[in-house]
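1. Just need the structure, nothing else, for what follows:
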Amino acid sequence: MLVPDSATPLYLQLEEILRQKILSGSRREGDKLPTENELVEQYKVSRITVRRAVEELCKEGLVVRHPGKGTFVTGVVMRNDLEEPRGWTENAVANGCRPSTVCTDLSMVPGAEVCRLFELKHGEERYCCARRVRALNGKPAVYELDYFPPQDAEFLTKELLSGSVFRLLRQWKKLRVIREKETIIRVRYAGAEAAAALGLAKRQPVVYTRTCYLDGKDRVVLMNEQYIDSERYMIRTGGHELRLDETEENEQK
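-> Predicted coordinates for the structure are as follows:
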C-alpha cells in the first residue's frame with residue numbers, strides 16, 4: 001500500500017511495489033505490466049507518479065517499453081556496482097535474487113599465460129580450471145571460468161565449487177585478504193561453449209570480464225573470466241568527478 005504522508009516520494013513507493021512483484025515471481029519474464037491508466041486507477045496516483053516509477057524500473061533493466069505494445073518484464077537483472085565490489089553470492093542476495101551455481105567441469109589444463117600468473121616453474125605448465133554456470137532465480141546469467149594454482153586441485157571439488165569461491169578460499173586456504181588486482185571489461189560474441197551454457201544464440205554479444213585476485217602477499221590466487229548475459233546482469237559505475245585543468249578550461253571558452 002502507498003503511504004501518502006510518507007517521507008518517501010510516491011513514485012519510489014510505487015516503484016518498490018512493482019519491483020517486488022517482479023523479484024518475487026508474481027510478474028514473470030515476458031508479462032505485460034498494467035497500462036498507465038490501470039496503474040493510476042489501481043493505486044490512486046497521478047500519471048506523472050506512474051510514469052516516473054516505470055522509468056526507474058526501465059533504468060534498472062527490470063522492464064522494457066515497446067512503443068504501441070506496452071511495457072514488459074525483462075526478467076530479474078542483478079546489478080553489480082563497481083564502487084562497492086562484492087562476491088557473486090553476496091551481491092545476488094543484496095539484489096533480492098536467489099543465486100545458484102553449477103560446476104560443469106573441473107580439470108587440469110595446460111596454458112603458459114595463466115601459469116606465468118601463478119609463477120609456476122618451467123615444466124609445471126598445468127593449472128586447475130573450473131567451468132561454472134551461475135543463475136539468478138533459476139535462469140543462467142553468467143558462464144564463468146575460474147583458474148586456480150595447480151596445488152589447489154588437492155581440495156577443490158565440483159560440490160565445493162557450487163558456492164562462493166571467496167568463501168572457499170577463506171575456509172580452505174585460510175586467506176584473510178583477497179584483493180582485486182585489475183578487471184578488464186569487453187564486449188564479445190558468445191562462442192559455442194558460452195552460448196550453450198547461457199541459452200543464447202551463437203555469436204550473440206555478451207559482456208566479458210577478466211579479473212585477477214591477489215592474497216595479502218600479492219600472490220595470484222585466482223583468475224576469473226565471465227561471459228555475462230546483459231539481459232540479466234548489469235554492471236554499474238559512476239559518481240566520479242572529472243576535473244579540467246586550466247588549459248582545457250580555456251580551450252572550451
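2. Against L169, how distant is the closest residue in space to L200 that isn't next to it in sequence?
-> Once flanking residues are discounted, L200 sits nearest to A190: 5.3 Å by Cβ to Cβ, 6 or more residues apart in numbering. C-beta: built from backbone N, CA, C; applies to glycine. Using Cβ to Cβ, to the nearest Å, A190 is found at 28 Å from L169.
3. neighbour count winner among the two?
-> A side-by-side neighbour count of A190 and L169, using other Cβ atoms under 10 Å, places A190 first with 22 against 18.
4. Next up, the contacts around the more buried one.
-> Contact partners of A190, counting by Cβ atoms under 8 Å, 6 or more residues apart in numbering, are 198, 200-206, 227.
5. Contact partners for the closest residue to G138 other than its chain neighbours?
-> Distances taken as Cβ to Cβ, 6+ apart put S100 closest to G138, at 6.9 Å, once the chain neighbours are dropped. Counting by Cβ under 8 Å, 6+ apart, S100 touches 134-135, 138, 162.
6. quick one: S100 is in a strand?
-> Yes - read with DSSP: H, G, I helix; E, B strand; the rest coil, S100 is one of the residues of a strand.
7. Give me the distance between the two termini of stretch 133-143.
-> From its first residue to its last, stretch 133-143 covers 5 Å (Cα to Cα, to the nearest Å).
8. Which residues outside it are in contact with it?
-> Counting by Cβ under 8 Å, 6+ apart, 25, 29, 75-76, 78, 88, 92, 97-102, 104, 131-132, 144, 193-194, 197-199, 226-229, 232-233 sit against stretch 133-143.
9. thinking again about what came up before, check the contacts of A190 for burial and list the buried ones.
-> With burial judged by 16 or more other Cβ atoms under 10 Å, the buried subset of those is 198, 200, 206, 227.
10. Pick out the most distant pair among those.
-> For those, the maximum inter-member distance is 9.2 Å, found between L200 and Y227 (Cβ to Cβ).
11. Got phi/psi on the closest residue to C97 other than its chain neighbours?
-> Leaving aside its sequence neighbours, C97 sits nearest to L136 (Cβ to Cβ, 6+ apart; 4.5 Å). The phi/psi pair for L136 (degrees, to the nearest 10) reads phi -120, psi 120.
12. List the beta-bridge partners for L136.
-> Beta-bridge partners recorded for L136 (DSSP bridges): P99, K139.
13. Which pLDDT value belongs to it?
-> Per-residue pLDDT puts L136 at 84.
14. Repeat that for Q204.
-> Per-residue pLDDT puts Q204 at 91.
15. if I look at the closest residue in space to it that isn't next to it in sequence, how far off is N224?
-> Sequence neighbours aside, A190 is the residue nearest to Q204 in space, at 5.1 Å (criterion: Cβ to Cβ, 6+ apart). A190 sits 18 Å away from N224, going by Cβ to Cβ.
16. same deal with T157?
-> With distances taken as Cβ to Cβ, T157 is found 18 Å from N224.
17. More neighbours: which of those two?
-> It is N224, of T157 and N224, that has more neighbours when counted by other Cβ under 10 Å, with 19 against 12.
18. just to revisit the earlier point, backbone dihedrals for the residue nearest to L200, please?
-> phi -70, psi 130.
19. got a pLDDT number for it?
-> A190 carries a pLDDT value of 93.
20. repeat for H240
-> For H240, pLDDT reads 47.
21. which residues touch K181?
-> Applying Cβ under 8 Å, 6+ apart, the residues near K181 are 211-214, 220.
22. from these, which ones fall inside strands?
-> Residues of the contacts of K181 located in strands (DSSP state E): 211-214, 220.
23. What are the boundaries of the strands in the stretch 51-200 of the chain?
-> Applying DSSP state E, counting those that start in this stretch to the stretch 51-200 of the chain gives strands spanning 63-66, 70-73, 78-81, 99-110, 126-136, 139-148, 179-189.
24. nearest to E36, of the ones you listed?
-> Nearest to E36, of all these, is strand 70-73, at 8.7 Å by Cβ to Cβ.
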